[in-house]
Each structure stands twice: as C-alpha cells, then as structure tokens.
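Asker: Predicted model follows, preceded by the sequence.
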Amino acid sequence: MCTRVPVINGHSEAVWLETREPLSARAFRTLLEADPGITVLDDADSMTYPTARQATGKDGIFVGRIREDLGCPNGLACWVVGDNLRKGAASNAVDIAELLLAI
C-alpha cells in the first residue's frame, strides 16, 4: 500500500510480505541491517520510525515498524521510506547498472 501524503518528495509504503519458511521479525531485522543500502529505524519505545523528511536527499532505503503479521502465517509487515528522486530515479539506475556489470 503506497501512502500519499503532502511532502516535498519521498515515497512511503506499508509493506506486507509472506515468507515460505517461518522468519521472525528479529531475524528479518537482522537481514535488513546487513544490507548496506538499508537503514533500520525501528524503536517502538521511543516511537522511532522512518519518515520522508529523514530520507530526503539520501540514496538509501529506511525501514521501520518491523513486526510479525498475526493474520498471516509466516507474515511480516514493515514501513518503508525512500527519496523518490534519489533512490526512485537517479541512483537506482546506477545501482542496477553496477549489478549488471558485476554479472
């Protein structure tokens, strides 16, 4: 689900996914933290989660509100934010080209 809000730029998505094998929210978080292009901002106690303002001008993707989806077996949910002008357009094309050249 893509949420449109009045911000200068940025995309914010509520993401639900289902894995083939069980994967805890903690294990999913660990996988995300290992990716150099992802910043995890996820602390429910301090209400820390990613916002479009934090993503503005940055190439990476920000993920937060990581949790297990109790309504879906092997389901997870999270909130994902990125600068659509940087990651959605310009730098994403460079990332794809680098991946293709590495093959």
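Answerer: Looks like it arrived, so ask away.

Asker: hey, let's count contacts and neighbours off CA atoms from now on
Answerer: Noted.

Asker: ok, then the element right after the helix or strand of the chain with the lowest mean pLDDT?
Answerer: Least confident helix or strand, the chain: strand 2-3 with a mean of 62, by mean pLDDT, DSSP states H and E. Downstream of strand 2-3, the next assigned helix or strand under DSSP states H and E is strand 11-18.

Asker: Just name whatever secondary elements that following strand is in contact with.
Answerer: If you count contacts as 3 or more C-alpha pairs under 8 Å, 6 or more residues apart in numbering; DSSP states H and E, strand 11-18 packs onto strand 2-3, strand 75-82.

Asker: how far off strand 11-18 does the longest one point, in degrees?
Answerer: Between strand 75-82 and strand 11-18, the angle comes out at 160 degrees (axes from the mean of the first three to the mean of the last three C-alpha atoms, to 10 degrees).

Asker: List the contacts of strand 75-82.
Answerer: Residues outside strand 75-82 that contact it (C-alpha atoms under 8 Å, 6 or more residues apart in numbering): 10-19, 24-25, 49-52, 55-56, 58-69, 88.

Asker: Show me just the buried residues among the residues you listed.
Answerer: For the contacts of strand 75-82, a burial check counting by 16 or more other C-alpha atoms under 10 Å picks out 10-12, 16, 25, 49-52, 55-56, 59-69, 88.

Asker: which ones among these are found in helices?
Answerer: Mapping these onto helices (DSSP state H) picks out A25, A52, A55.

Asker: is it possible to export those to CSV including distance to L76 and pLDDT?
Answerer: Below are these laid out as CSV (distance: C-alpha to C-alpha, whole Å; pLDDT from 0 to 100):
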residue, distance to L76, pLDDT
A25, 7, 97
A52, 22, 88
A55, 22, 90
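
Asker: Save those as JSON lines, and put in distance to E98 too.
Answerer: Output for these, formatted as JSON lines (distance: C-alpha to C-alpha, whole Å):
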{"residue": "A25", "distance to E98": "30"}
{"residue": "A52", "distance to E98": "26"}
{"residue": "A55", "distance to E98": "22"}
